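S.K.: Let me see the structure of the following:
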Amino acid sequence: MINLNLSKLTHAVPGRQASATLDLGELEVDDLTLSYLRGELEFTRVVDGILVAGTLETEIKTLCTRCLSPLKLPVTLTLEDTIGLPNAEITSERPVRVNEEGWADLTPLIREYAWLALPLNPLCSTDCKGLCPECGGNRNLGECVCEDTEEIDPRWEALRDLL
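M.R.: Numbers count the residues shown, from 1 in each chain. Got it, this is the predicted structure:
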């Protein structure tokens, strides 16, 4: 959980500001693992909540989509979102609110921005060879030595002579 005390802004007049520095080690953000989380966040009281803005650096642990090797992707999260005030409804557009004691858990917000920062197909390298479709061996570690066990449909057997 990434909890911050925002009680000074909860009942403040719009325009009041505060800041926070994050320097966290490895943490689990629901279904993501972050190696670290560092950066500055600025909080500004607005009419309907608290605006959070800032830049966070992190490294997301994931898998290569071609060879399934574990990898760490450095990403920059540029946050700009509104945190709800106490008793505000939590929605998909506003997943964070300040509780009655003035604390806000930024975990859902960090998770959302981390998923958006990840590439659709993370790769361990641009020339990743992937897995062998026959035996599942990692082709980056060497050429596969599995036997070609592909059976050809007997109706297509006559085409083999053309090769």
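S.K.: quick one: secondary structure of Trp115?
M.R.: helix (DSSP: H, G, I helix; E, B strand; the rest coil).
S.K.: Thr76 too?
M.R.: strand.
S.K.: So what's the residue count around Glu100?
M.R.: 9 (other C-beta atoms under 10 Å). In short, each C-beta sits where N, CA and C put it, glycine included.
S.K.: Tell me if I'm right that it and His11 touch.
M.R.: No. Judged on C-beta atoms under 8 Å, Glu100 makes no contact with His11 at a distance of 11.8 Å.
S.K.: what do those two both touch?
M.R.: Counting by C-beta atoms under 8 Å, 6 or more residues apart in numbering, Glu100 and His11 have no contacts in common.
S.K.: Contact partners for Val13?
M.R.: Each residue near Val13 by C-beta under 8 Å, 6+ apart is listed here: Arg45.
S.K.: Check the contact between Val75 and Lys61; I expect there is one.
M.R.: No. Counting by C-beta under 8 Å, Val75 does not reach Lys61; the two are 11.3 Å apart.
S.K.: Same drill for those two, tell me which one is more crowded.
M.R.: A direct count of neighbours by other C-beta under 10 Å for Val75 and Lys61 places Val75 higher, at 17 against 14.
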